[in-house]
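*Asks:* pasting the sequence and the predicted coordinates here, then a few questions.
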Amino acid sequence: MGARMAPFVGYEMPIQYPLGVMKEYLHTRAQAGLFDVSHMGQIALRPRNGTLADVALALERLVPVDVLGLAAGRQRYAFFTDASGGIIDDLMIARCGDHIVLVVNAGRKVVDEAHLRAAVSQTCNIEVLENRALLALQGPGAEGVLARLAPDIAAMGFMDVRLLAIAGTACVVTRSGYTGEDGFEISVAADDAEKLARTFLENASVALAGLGARDSLRTEAGLCLYGSDIEESTTPIEAALEWAMQQVRRRGCGVATARYRSAKAPRRPAAAGSNARSRQRLQSTNGSGRNRQIKPASIARAGSRVPDWLAVGVALTLPWSTSATAIFIALWIIAVLPTLVPFSRQPPHLVWSNLPGTNRQWQKMRRPKPPHLMI
């Protein structure tokens with residue numbers, strides 16, 4: 001195919017094709033780009049003795065997202081976290097019939113498998129799907145291309161998962177991707193991948209695209225890349241990934257068990273008083289990357305005491321100089337003003353982030369955060 005290859009986490013990967021990174025990027029934005037992402041890890045989890053709900057609850061011990069509530073034929077973004085809240089890896093979780101499939105990052109496949117076997121092997125059969133390839137068809141024209149080969153594709157919504165035959169080839173198709181565009185990821189037997197890719201390329205609106213274009217697309221969309229934007233020293237809060245933690249997982253570790261025993265989890269009553277939100281605790285980290293808690297009230301205390309020298313200075317200069325008095329009064333106001341706006345002195349990582357695209361989260365991040373990370 002004329003690809004320019006380069007090593008990437010132990011694989012020889014296509015960085016670009018003859019079209020070039022810029023044209024591949026633009027073609028994906030306008031029509032459809034075909035990416036070979038078969039280096040990604042695919043892992044199936046099946047119950048040993050119990051039900052799929054047991055697998056979901058076991059997985060919830062490793063990810064702070066709602067797996068038990070994931071409907072059949074749906075998938076969800078998640079991340080493994082360690083004991084201090086650091087991100088071990090980010091992944092996709094799909095519920096496929098009688099089992100759950102995880103798609104993990106290539107460079108973390110071995111780590112993720114070991115993490116799963118250490119934590120959930122008594123509940124789940126863990127199978128690494130070595131003989132599966134993964135193709136991503138991304139762009140506004142992706143649906144039209146696939147609908148000609150498998151008409152049921154058009155009925156799929158975002159994050160839907162379907163087992164479909166595309167051009168006579170059995171595939172697991174998800175309507176998702178990592179480019180910021182509409183698109184699909186297609187898991188197929190490795191022996192059938194090349195034939196299926198060539199079938200897609202017979203359509204004039206499809207062009208091959210490499211990792212260079214994919215990285216540009218995901219950066220522009222503000223999507224995190226493990227090892228670049230997030231790692232084990234980064235918590236989901238610092239990475240502005242709170243949106244991926246469903247509300248039911250923010251209420252406490254016991255809620256998952258309660259949801260398993262009854263269809264509906266009990267609602268936690270709001271804190272007494274008119275300003276319940278101010279009673280929440282902010283999530284932060286210390287220098288070692290471990291979690292600690294900061295109360296909003298403590299933010300305002302820093303610098304809240306008016307310096308005595310200002311008050312004495314105003315009293316001494318009143319009889320002598322109008323201009324000097326004005327200066328001291330101005331300094332006094334400057335010293336007092338921060339104490340009148342208690343939430344204006346929040347920890348820096350709640351106000352800004354150096355991750356691509358997270359400036360959109362700025363206003364959201366200034367509000368107090370949930371008091372815990374579910375591990």
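*Replies:* Received the coordinates, thanks. Small disclaimer: the values here were computed from a predicted structure and weren't measured. Residues are numbered from 1 along each chain as shown.
*Asks:* mean confidence score for the helix or strand harbouring Tyr25?
*Replies:* Per DSSP states H and E, Tyr25 falls inside helix 21-30. Per-residue pLDDT over helix 21-30 has a mean of 97.
*Asks:* I'd say His115 and Leu62 touch.
*Replies:* Yes: using CB atoms under 8 Å, His115 makes contact with Leu62 at a distance of 6.9 Å. Where you see a C-beta, it was placed from the backbone N, CA and C, and this is true even at glycine.
*Asks:* what touches both of the two?
*Replies:* Here His115 and Leu62 have Phe80 as joint contacts, going by CB atoms under 8 Å, 6 or more residues apart in numbering.
*Asks:* those two: which is more packed in?
*Replies:* Neighbour count, other CB atoms under 10 Å: between His115 and Leu62, Leu62 has more, with 22 against 17.
*Asks:* OK, contacts around that one?
*Replies:* Leu62 neighbours (CB under 8 Å, 6+ apart): 80-81, 115-116, 119-120.
*Asks:* 6 Å - rerun?
*Replies:* 80, 119 (CB atoms under 6 Å, 6 or more residues apart in numbering).
*Asks:* same question, Ala32
*Replies:* Neighbouring residues of Ala32 by CB under 6 Å, 6+ apart: 137, 139, 141-142, 145, 205-206.
*Asks:* same thing with Val104?
*Replies:* 41, 89, 91, 112.
*Asks:* try Leu146
*Replies:* Taking CB under 6 Å, 6+ apart, one finds Ile153 in contact with Leu146.
*Asks:* one step back: of the contacts of Ala32, closest to Asp182?
*Replies:* Asp182 has its nearest neighbour among the contacts of Ala32 in Ala142, at 6.2 Å by CB to CB.
*Asks:* just give the number of residues close to the closest one.
*Replies:* By other CB under 10 Å, the residues close to Ala142 number 27.
*Asks:* ranking by neighbours, what's the top pick from the contacts of Val104?
*Replies:* Within the contacts of Val104, most neighbours by other CB under 10 Å means Asp89, with 24 neighbours.
*Asks:* and the helix or strand hosting that one, which strands flank it?
*Replies:* Asp89 belongs to strand 87-96 when assigned by DSSP H and E. Partners of strand 87-96 in the sheet, by DSSP bridges, are strand 75-81 (antiparallel), strand 99-104 (antiparallel).
*Asks:* now the ones you listed in TSV, with distance to Phe158 and mean pLDDT?
*Replies:* Formatted as TSV, those follow (distance: least, CB to CB, whole Å; pLDDT from 0 to 100):
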stretch	distance to Phe158	mean pLDDT
strand 75-81	10	97
strand 99-104	16	98
